[in-house]
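# Got a predicted structure here, sequence first:
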Amino acid sequence: MPVGDVRSIGLLGCIELVRDRQTKAPLGPFVGSSPETARLGTYLRERGVYTYIWRNLLHTNPPLTVTAEQLQEVFAIINDALVLMDEYAQ
């Protein structure tokens with residue numbers, strides 16, 4: 001998977017997307033969007049997951065009223081999306 005790092009504080013989290021896990025080359029540019037991150041955002045929205053993607057960072061920020069079952073459902077969708085991004089990683 002194209003994951004370089006994962007950071008979180010409570011329910012607020014961030015998944016760093018990289019092309020190469022060794023060099024940590026970002027999947028998206030530092031300014032604007034890329035076809036890869038746009039595809040990721042579209043995939044997630046089509047499955048009902050509305051999140052924030054900035055640069056090469058996928059932010060997770062569910063409502064504080066989220067249930068454990070809802071988190072499992074959303075993170076399963078995010079996992080599928082990350083598998084989809086494998087084709088862009090080295």
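Sure, I can see it. Numbers count the residues shown, from 1 in each chain.
# number of nearby residues for Ile53?
Ile53 has 19 neighbouring residues, counting by other CB atoms under 10 Å. From N, CA and C alone the C-beta is placed, and that goes for glycine too.
# which SS class is Leu40?
Secondary structure assignment for Leu40 (DSSP: H, G, I helix; E, B strand; the rest coil): helix.
# Centroid-nearest residue for this structure?
Leu58 (3.5 Å; CA atoms, centre = their mean).
# For whatever helix or strand that residue lives in, C-alpha coordinates in CSV please.
Leu58 is located in strand 57-60, with elements delineated by DSSP states H and E. Extracted in CSV, the C-alpha atoms of strand 57-60 (Å, rounded to 0.1, in the frame of the first residue of the first chain):
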residue,chain,number,x,y,z
LEU,A,57,-2.6,13.5,3.1
LEU,A,58,-5.9,11.7,3.6
HIS,A,59,-7.5,13.1,6.8
THR,A,60,-9.8,11.1,8.9
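# buried set for the longest helix anywhere in the chain?
Longest helix in the chain, counting residues (DSSP state H): helix 68-84. Neighbour counts over helix 68-84 (16 or more other CB atoms under 10 Å) mark Val74, Ile78, Ala81, Leu82 as buried.
# how about the nearest residue to the first one, chain neighbours excluded?
Nearest residue to Val74, sequence neighbours excluded (CB to CB, 6 or more residues apart in numbering): Val49, at 5.6 Å.
# Does Gly4 touch Val18 like I think?
Yes. Assessed by CB atoms under 8 Å, Gly4 is found in contact with Val18 at 3.6 Å.
# ok, the closest residue to His59 other than its chain neighbours - contacts?
Nearest non-adjacent residue to His59, counting by CB to CB, 6+ apart: Tyr52, 4.2 Å away. Tyr52 makes contacts with Leu58, His59, Asn61, as judged by CB atoms under 8 Å, 6 or more residues apart in numbering.
# ok, those residues vs Tyr43, which is closest?
Of all the contacts of Tyr52, Tyr43 sits closest to Leu58, with 11.2 Å by CB to CB.
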